[in-house]
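Peer 1: My questions are about this predicted structure, shown below with the sequence.
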Amino acid sequence: NILDGLQSVTFTASSPGFGNGVTSLGVEDATTAVNLSVSATTASETGQTVITVTATTDKPVIGLQTLNLVVSGTALEVTANDYSLASSLLTFADGQSIATTTFTVTDDALVELLTEFATITISNPTLGLAVGPTASQTIAITDNDSAAFTIDNVIVTEGSSGTTDAIFTVTLNNAVDTTVTLDYLTGDDTATAADGDFAAANGQLTFAPGAAGATQTITISVTGDQKVELNEMFNLNLSNVAAGGRSVTIADNQGLATITDDDTATVSVLDVAAVEGDTGTTVFNVTVALSAEVDFPVSLDYSTADGTAVDGVDYTITSGNRTFSANAGGPDTLTLTVLVAGDGIVELDETFLINISNLVSGGRNVTIADAQAVATIQNDDAAQLSINNVSIAEGNTGTSVYTFTITLDSAVDAGVVVDVDTANGTARFGEDYIPNTGTALSFAGTIGETQNFSVTVVGDTKVEQDEDFLVNLSRIQASGRDVTIGTGQGVG
């Protein structure tokens, strides 16, 4: 496998009595140099980069020639699955000068060194090949994976005595190919170790190479007491990741422990109901109740809102802010006042709402148990429908029209329908009058509104006593309003 290049062979012919004859013959070495090249010397896991590896001879080979490719470096094919080489044996057919294979970078999810190297080297060339000056190529593979530590927040009820464990969970989200360590240390916030709220701690966590989502826990002791106080907090801090050059960071370096005070109070606004009255205004007193004593002033916003009642018509909208005094004992109450407008309109009971919100209690555990009260304006009005009597002479011939008037005595906020039918008295239908049944009269709801109902009476020349027929009101439809029949029968 030595390259001799072009050799010159000189032939000399001599014979006594003759001059010497000299000639030269160029003899070319059958061995050719082979060099290695790659289509790219840098690659990334992203997209699974494919690189062409080419072995090129200086001239076409004589006979079948082969060589092996050996890969070395920090990138590994079998154990780490960093890449795959399509073939480690390159073959040159007789007369060829190029042989190729492919080197494919594997996109895995494992966090490795940021850059790994794979060096491809020519090995074991056959006798017709000699290793040229470029016998190897190095490919730098960029890892596209990273991992991060996070720590959760915890909430623990302090209790009245003894200790309670606050257990933090530290999570490494992706798999790493080496051991990773990090430090932890507690820190004061509104809770302090010096005050005895929790036990200070520090240490180091070690995560072995393994699967994504590995977790470890850190337990901190919280001291229980009987103080009525704010919720308090302390933190647990992560730092100093050691990952052997891998892309491992801390995404969330601080876990927060909330020590929940176990004394509570609630605020509720209570439903109320009262009659509206016919004129002027009526005061509705709405009670807001605080269930227990609190060591801090408790304030809240309140406001009214329409239900079926309408602001400016049925009541006057109101809003504001009220405060329960601190240390006033408990339970405690506040009274809110709302003005309701009286009227004489017949309507359904109506409602408006009283909402409380924006509770401010200085961080104490005070919550709103019932944020909305329903105030019911009870209707105290009623209406009646009445019909009059009609009396006129029947006449000797033809017909006469008797017109009855039905009157609605009070305003109603919805339409009213009443059925009107004739019935015999001493007069008989078909002989003395023409019956009128199945009539429904509609009222818009205006106070004093009237509707007419007509009955045709037949005239005759009989000498007889006065006769009468009846007009009856029945079946009122008033959409639930308090409308009844006053005088329900007219006599004609």
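Peer 2: Received, thanks.

Peer 1: For the closest residue to Phe234 other than its chain neighbours, the count of nearby residues, please.
Peer 2: Spatially, and ignoring its direct neighbours in sequence, Phe234 is nearest to Ala191 (4.4 Å; C-beta to C-beta, 6 or more residues apart in numbering). In this view, the C-beta of every residue, glycine as well, is placed from N, C-alpha and C. Ala191 has 22 neighbours, counted by other C-beta atoms under 10 Å.

Peer 1: what does Glu431 give?
Peer 2: Glu431 has 11 neighbours, counted by other C-beta under 10 Å.

Peer 1: show me the contacts for it.
Peer 2: Residues near Glu431 by C-beta atoms under 8 Å, 6 or more residues apart in numbering: Val458.

Peer 1: helix, strand or coil for it?
Peer 2: With DSSP: H, G, I helix; E, B strand; the rest coil as the basis, Glu431 sits in coil.

Peer 1: Strands of the stretch 201-350 of the chain, residue ranges please.
Peer 2: 202-207, 214-223, 232-242, 248-250, 254-260, 265-269, 272-275, 281-290, 298-306, 319-324, 332-341, 350-360 (DSSP state E, counting those that start in this stretch).

Peer 1: coming back round to it: sec struct for the residue nearest to Phe234, please.
Peer 2: Assignment for Ala191 (three-state DSSP): coil.

Peer 1: Skipping adjacent residues, who's closest to Thr335 in space?
Peer 2: If the residues on either side of it in the chain are set aside, Thr335 comes closest to Asn285, at 5.3 Å by C-beta to C-beta, 6+ apart.

Peer 1: can you count the residues close to the closest residue to Val417 other than its chain neighbours?
Peer 2: Distances taken as C-beta to C-beta, 6+ apart place Gln477 nearest to Val417, at 4.3 Å, with adjacent residues excluded. Residues near Gln477, counting by other C-beta under 10 Å, number 15.

Peer 1: In contact with Gln477, which residues?
Peer 2: The contact partners of Gln477, taken as C-beta under 8 Å, 6+ apart, are 416-418.

Peer 1: Return the distance of the residue lying closest to Gly224 once chain neighbours are set aside relative to Ile259.
Peer 2: Distances taken as C-beta to C-beta, 6+ apart place Gly159 nearest to Gly224, at 3.5 Å, with adjacent residues excluded. Distance, Gly159 to Ile259, by C-beta to C-beta, to the nearest Å: 10 Å.

Peer 1: who's more crowded, the two?
Peer 2: Ile259 (28 against 16).

Peer 1: who's that one bridged to?
Peer 2: Beta-bridge partners for Ile259, by DSSP bridges, are Val156, Glu232.

Peer 1: What separation do you get for it and Val248?
Peer 2: Looking at Ile259 against Val248, where the rule is C-beta to C-beta, the gap reads 31 Å.

Peer 1: Over to Ser161?
Peer 2: Taking C-beta to C-beta, one finds Ser161 at 42 Å from Val248.

Peer 1: Make sure Ser87 is actually in contact with Thr100.
Peer 2: No - in terms of C-beta atoms under 8 Å, Ser87 does not count as a neighbour of Thr100; the distance is 9.3 Å.

Peer 1: State the number of residues packed around the nearest residue to Ser299 once chain neighbours are set aside.
Peer 2: Spatial nearest neighbour of Ser299, chain neighbours left out: Thr323 (4.2 Å); criterion: C-beta to C-beta, 6+ apart. Neighbour count of Thr323, defined by other C-beta under 10 Å: 11.
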